[in-house]
Every structure is written in C-alpha cells, then in structure tokens.
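model the following, please.
(chains A, B and C, ligands or ions: 1)
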Amino acid sequence: MNTLTETRASVCSLLRLTALVTALSLSSIAFAAASLNLAPGFSSLEKGATVVIMPPDVELFSISGGGVSEPKADWTETATGYIINELRRKSDVLGMKNVALSEKDADDLAEINTLHAAVAQSIALHHFQGGNFSLPTKGGQLDWSLGEAVGPIHQTSGADYALFVWIRDSYASAERKAAMVALAMLGVGIPGGFQVGYASLVNLHTGQILWFNRLIRGTGDLRTATDAAETVQELLSQFPRSQ
Amino acid sequence: MRGLLLAVLALSVFGCASVKKVESGTNRLGERFTISIEGAWNQLDFPGVKPAQVWTMEGVTVDEFLIFNGIRDGEVMNSKSGNGKQQDFVFRKSMPTEEIVSLFEGVLSRDNAVFKLIKIEPYPFGGKKGFRFEYERIRKTDNVQLRGVGFGAVDGGDLFALLYHAPRLTFFPRHQARVEAIAATAVIR
Amino acid sequence: MKRRTFLAGATAWGLGLVSRPGRTADDLGYSAPPRFTRPETSGEEGGLWALMDREERNLRRSPLIVRDGDLQSYVQDIACRLGSDHCPDIRVTLVRTPLFNASMAPNGMMQVWTGLLLRVENEAQLAAVLGHEIGHYLQKHSVERLRDIKSKSAIGQVFGLFGLAGAVGQLAVAASAYAYGRQHETEADRIGAQLMHRAGYQVGEAAKIWSNLLAESQAAEGKGANGSLLFATHPAPPERRAMLEDIARSLPDGVTGEEAFGRHVQRYLDEWLNDEIKRGQYAESLVLTTRHIARKFALETMHYHRGEIYRLRGRDGDLDLALGDYRNAIENDKPYPLALRGIGLIQRQRGQRKEAIEMLSRYLELAPAAPDALFIQSYIAELNS
Ligand SMILES: [Zn+2]
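As a prediction, the model looks like this:
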C-alpha cells in the first residue's frame, strides 16, 4: 500500500519536531558501534578488490519560510559531481580498485538502483534506527541481500562489489532561518535543513549487503566541493580499509 | 522521504509504533480466521494501518503482507491515509469476485501506483470457495516495480484475504513460495 | 534579424493577422533561428541546460516511459519534420500519464504525455501541439521564464515547467502557477501554426484541440476550465481558439493524417483508457469517449470503455447505459471480447443464466488466454450446474 508513511506522519505529527531534535542529538552516540555496519562474517575487502561506484541517487531541496521543500535541480547536479569525485578518491584511499559505469549502463541498471534505495530505507529504519522498529526475524543483524538482481551489474562492470549511495539534503532559506530563530525564542523548535544519506557495499556474486551506513544530521552541506567531500567522508567513516 | 524520516524518528522516540514478532506455527488472526506459518514474520504494529494487518520480511519500504480478517459489509478497505480527498473503497457483501478484485486494485492504486492485473482464478481459500489473483504495480513515489499475489474468500458476508507484494527483482521470487504455502493453510471458521 | 521582426509583430498580430500587408497566404514571415549550440554551463542558460539534462536522465530511467520503438519514432518523426533544421536536436519521450500535456526543454528534450495522445484526433492536431512546443523552444521562452522566475527568487520551481511524471499531482500545481505568459503562448501558437503549415498539415485542426478540451473540462462538475488537471501548462481561454481559427484562414489546405494517427495509437488505447478511467474523473472521461464514438474512432474500444465508466460511476440507470455500450461494442463482425464479458457478468448478477453462459463462453472463445480465463470458466461451470 505504501501509505504507511503518510499515516504515521499524521498520527504523531505533533510530536515529530521535538523528536527530531532529540533523535539528532542521540544519533552520534547510538550508532558508533562498528558491528552495526557490517554483515555477519564480513570484516573487510581484500586489497585491490574491484568496486563499481553506482550512480549516486542525490536530491537537494530548499525549505521555504512556510516549510515547503522544493527540489533544487541545479544544486543537485553540482552536488552529484562532487560526490562522485569524492567517492572515487575515497575508494582509492581505502584500497579499492574502482570501476565507473557508462551513462548507457547506468540507464540499463536503473531498476536495481531504485531497488537499493527502497532496501536502504528499510535497513535505516529497521536496523539502524532499531529499537521499536527492529525486525525480530533479522535478529539484530545487518542481514539484507539484493540477491540475483545484482547479477547484471557484475556482468556489465566486471566488478566484484558495488558501492551504492543515496543522499537527500535540504537547506533552510533565509526567511525560514528567521522563522526558526523567532520561534526558538518562544520555545518552539522547528527543523531547518538536514541531511540524510545511505551507503551500501554489495557483493555482486551474492547480492549480500556487506556494509551499510546511514547519516542523519542537521549539519553538512553538498553545495561546495569541500563540504560535499566532508559528507562523503562522514558517510564512509565506518568503512573498513581493505586488508 | 523527509516525511518518512521525521515520522519514524518521532515514533521511535515516543513509542507510537512497534514491530512484533509473529512466531512460527498456527496463528489465530481473529475469531474466525487462522493461518499457519513456517518461520517467523514481523508484524508492523503502526497506528493507522487498519483495517489490514501488515507483516513484512524485509522492511516497510520493501515488502508487505496484508491480512484482511473479516471485513464487514460497508466497511472501508483502505487505511485512513492521504489528503482526505481520495476515494474510499467500501466492501459490500453482495460483490461478486471480479468486483472484490477491482476493490483491491483501487486500494493498491490509491497512492497513484500503476496497477495491472495479470491473472485471476478460482482458489479454495480457508476451506471456502475463493479466488487467487496476481498483479504488477509501479509505485510512483519511488518507481519501484512490484509483483504481487492475493487470495480471498467471502464467508457469512465477511471478506477474508491475504495479499503479498514485493519488488519484482529478487524479493517477490524470494518470498512467493512461503506466501503461497501460508495461503494454503488458511482456515475460515 | 528576421526573428526579431517577427517578435516585434507578434502582439499586434493577434488583432489583425489577415489584413497584415505584404504577406502571402502561406507565409507568416517566421524564420527560425539557426540550430542552438550548448551554452557554457556556468551561465544562466547553461545552468538550465544542465538541469534539464539531469531531468532527461531521470526520465529515461523511469518505468513510466513508453518504450515501444514504433510509436516513439512515429511521434519523433513528426516533431522532426516540424523542426526541420532543428530536427537533430529534438528528442521525444513518451510518458505514460493520463493528462493532456507536452513540453520542450531548452536542451531539446520533448515530453509528450499519453493523455495527450489519447485526446488528439489526428496527426495534424498532434503536430499543432508539437509545433507549439517547438515554438517555445525556438524562441527560448523557457530561458526568459527562468529569468522571470529568478527575479521572483523561486528558480527551483522551474522544473515544474518540464517536470517528471513521477510527481504529477504536484507538477500540475507547479506548472499552472508557472505557465508561460500569454504573450509567449500566442507567439508559440503562431509559430506552431506556421510549422504545421510548412509540414503540410491542415492548420484548422489546431483550434479544434482547444474546443475539445474545453468541452471536457466544462463537463467536470464544480470546476472551472483550469480546475481540471487537463490543462497542466497551457490554459485555454476562448480567445486562443479564435486566434488559431483566424490564422488557419490565412494558411489553408494541408492534410489531417487521421488514418495514420489512428493506426499508430490503436494498440495502446486499452491501456491509456484504463489509466484515464482510473483518474476517477468520470464526467471528463465520458465526454472524451463520446467524442471519439461520434467520430467513429475505434468504436468497439470506445464503447467498451464508456460502458466501464458508466458501470464504475454506478448511478441509477448507469448499469443499463453500460449494457447498451457493451452491446454496441459487440455489434459488428469483430466483437470486442471484454464487452462480451461485461454483458455476461451483469447477466449473471441479474440471474439470466442462459444468456450469461452464452456471453461468457463467447468471451473465452475470443480471448482464451485472458488473465481471468480460469475464473470465467468457473462461473460458466457454476451457471451450468
Ligand atoms: Zn505553450
């Protein structure tokens, strides 16, 4: 039905703003444990493992004074470029051999990228957020697999692993910021912009998600190369160096 | 997506919702409806999902197993979501099978998803004369292409049904057999 | 600088095109600019191109694209003939969305929605819309709009001009708020008419599109002409139709290409009509199907789907209207299988066993591989027992 999200939003809408603030402050403490990021039995990639960097799924928004978010295609376009560059650089540093996809290949593999986004959201909710949302059948483990759907990525790229990245980032406009300050003085917190990101390392022979990380924070920017690099660094901060 | 995240954060902090384990074995879903499952499932106990129960194996954004346990004549089939302007889909006990399937189509297209019926056939469900159908969906919110299967029967004027859908890549094929097996164990008393 | 002259004349034309001196009947005096080269990405226009490249990539990867090569190349070919020198820069994408819309971005990406293809009646009408969009493109209206929007500090909304099928509801709102101004519309209409004429199409068809759409939206209860989602980016005031009729008188002759158009869309009609009916705007859908029935286009298909609309609307007497339409769909030697099914199911519910068995059996004979074949067989067995 996929209508659950809306339902939940309405049920607890009064609480969510305060909750956001709380959750953001908790997030850095709660998710430090490394085991959260790794699938059972996986510790690191072999040195020189070939990894294909999937086209990052990125969207930047601005939040207007009234709180409406508006996609900013021009920002997104620039940010995507920064992110790809930094992913390449970072994967070199981590000891991987990265492979790029042509536009045509990326077109053909679009459905798998879409699938990853859906799965990543479930992992973020049910595994990283956990708590009330943990799936009992997963036993607290990072136990998700994209299965045989990833076969075509291996056939197309020749790589053994794939790195998927999904990021949504929003920025408060000047008048929104003014509203935030005004309301804060009255003791009401409203969200400004914030950043959500998911990254997965996937075994292209089994589809298993070997490593996953999530980013949720009220800081971070993707509109300049330096800040975008910082975001990628943060997203990949728990990524194990190749052994 | 922001909506999802905010809501999820809110719910997790204030405990508006939870996920419960459904144990392997015989599960009594209501006074008249029982199914047996092999291996556990997760029940998403979120407010507002009614009238269906929602179970999942992989997570709320991946797969949904919807359980309709005795929908009464005149009862709304869809959850109370959306902007309030969308059409509600109401079950009538006089509806023939083809109209019940159209009803599910309406419920599953309420988020503007593209829906296509692939197959509908007679199926003895829960020991009653029932039906089975297969379908495809494209979720417009994120372009995920899904496959689904549904089973149902009307007994004593109440509608009992099980629906399962998941991405057509990997996930539907992975769990279809389990779902078919569960449907085969359904008992309507 | 002929182009500039044309622009300068555009506003005055609305009043007195025919009497404008020095013009022959087949010449509105428009000459298109030379092909555009990709602007510097850093500039304003370049930024818009980059942005549209990205939208185009997303669109290409959407599951809602009509991937059939035949229909795409048919529409592409018409756009190409209209665009003449600009042909190599025009890329047509057909998007499965049941609303009337087409758009063209400055990078050459042209979107045509299936709701438009379901509504135009011939090649000339399709050409009128494509020509109009090419007109916006040739005059770089979107770049001007970008400037305008920027000054209102809402540049992000520009995507609404071309937007993705994925956000249709939102898009329609954004698009109507940010539609081209009337002057741009008038200019695009004029250029479109000229391009149509040069490509050999009957220009008079352009005005008919708006008459047809107005009839549809007026049928929508409790809504004004623009309350309907049909007119996403192109509001249609009556004077627009009048102006187009005016232009047509000075650009006579040409073909309509009705047969070829019908042939190309024929096999999509069921899918598009299903999408159309799912909008739940039964009043509009009834006007649409009734219009096609009146022009004897795909009669069986249209009768069947109008029957479906009546059945779904379900007011008093609608079931009988549905039956009437289903019957019309099976009258000739090539009965429409789903209509046989529709009649059979109603008869079954009304307890007319013998008639129901006959109808449902005929349905299965014609459509043995139908998705519901096994299910209908079970009904027949039940009725027989
Ligand atoms: Zn226009």
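
can you show me the helices along chain B?
Applying DSSP state H to chain B gives helices spanning B:2-14, B:97-108, B:171-185.

between those helices, which gets the lowest average pLDDT?
Lowest mean pLDDT within the helices of chain B: helix B:2-14, at a mean of 42.

quick one: C:A248 from the ion, how far?
Using Cβ to the ion, to the nearest Å, C:A248 is found at 18 Å from the ion. Yep, even glycine has a C-beta here, placed from its N, CA and C like the rest.

likewise A:E230?
43 Å.

isn't that residue up against A:G220?
Yes - using Cβ atoms under 8 Å, A:E230 is in contact with A:G220, at 6.9 Å.

which one of those two has more residues nearby?
Neighbours per residue, other Cβ atoms under 10 Å in any protein chain shown: of A:E230 and A:G220, the larger number sits with A:G220, 20 against 16.

next one: phi and psi at the nearest residue to the more buried one once chain neighbours are set aside?
The shortest distance from A:G220 to any non-neighbouring residue, by Cβ to Cβ, 6 or more residues apart in numbering or on different chains, is to A:Q195 (4.2 Å). When read as degrees, to the nearest 10, the backbone of A:Q195 gives phi -120, psi 130.

any idea how many residues pack against A:Q195?
With neighbours defined by other Cβ under 10 Å, the count for A:Q195 comes to 21.

quick check: beta-bridge partners of it?
A:D169, A:R217 (DSSP bridges).

residues in contact with C:L383?
Going by Cβ atoms under 8 Å, 6 or more residues apart in numbering or on different chains, C:L383 touches C:348, C:353, C:356-357, C:360.

could those residues be laid out in TSV, adding secondary structure?
Shown next, in TSV, are the contacts of C:L383 (DSSP: H, G, I helix; E, B strand; the rest coil):
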residue	secondary structure
C:R348	helix
C:R353	helix
C:A356	helix
C:I357	helix
C:L360	helix
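
out of these, which comes closest to C:I65?
Proximity of the contacts of C:L383 to C:I65 was ranked by Cβ to Cβ; the top entry is C:L360 with 36.4 Å.

tell me the SS of the closest residue to the closest one other than its chain neighbours?
Counting by Cβ to Cβ, 6+ apart, the nearest residue to C:L360 once its immediate chain neighbours are dropped is C:G344, at 3.8 Å. Here C:G344 is recorded as helix under three-state DSSP.

how about B:V114: what's its closest non-neighbour residue?
B:I138 (4.2 Å).

test my guess that the one you found contacts B:N112.
No - applying Cβ under 8 Å as the test, B:I138 and B:N112 come out as separate, 9.7 Å apart.

got the contact list for the residue of the stretch 1-150 of chain C found nearest chain A?
With Cβ to the nearest Cβ, the shortest gap between the stretch 1-150 of chain C and chain A falls at C:R61, namely 3.5 Å. C:R61 is in contact with A:106-107, A:110, A:113, B:143, counting by Cβ under 8 Å, 6+ apart.

can you tell me which of the residues you listed has the most neighbours?
Most surrounded of the contacts of C:R61: other Cβ under 10 Å gives B:N143, at 22 neighbours.

that one reaches C:P63, doesn't it?
Yes - at 5.6 Å, B:N143 counts as touching C:P63 under the criterion of Cβ under 8 Å.

which one's the longest helix in chain A?
The longest helix of chain A (DSSP H) is helix A:73-93.

hmm, back to that, hang on, the residue nearest to C:L360 packs against C:K354?
No - counting by Cβ under 8 Å, C:G344 does not reach C:K354; the two are 11.1 Å apart.

among the two, which residue is more densely surrounded?
C:G344 (26 against 9).

and the residue of chain B closest to chain A?
For chain B, Cβ to the nearest Cβ, closest residue to chain A: B:G59, 2.4 Å.

the closest residue to that residue other than its chain neighbours: what secondary structure?
Leaving aside its sequence neighbours, B:G59 sits nearest to A:S122 (Cβ to Cβ, 6+ apart; 2.4 Å). With three-state DSSP as the basis, A:S122 sits in helix.

you'd agree A:S122 is up against B:M57?
No - the pair A:S122 / B:M57 is not scored as a contact, 10.1 Å apart, by Cβ under 8 Å.

now do the shared contacts for the two.
Counting by Cβ under 8 Å, 6+ apart, nothing touches both A:S122 and B:M57.

just the mean pLDDT for stretch C:54-66, thanks.
Per-region confidence: stretch C:54-66 scores 87 on mean pLDDT.

my error: substitute stretch C:295-310 in the last question.
Stretch C:295-310 comes out at a mean pLDDT of 96.

please name the residues that touch B:V179.
With Cβ under 8 Å, 6+ apart, B:V179 has these contacts: B:65, B:149, B:162, B:164.
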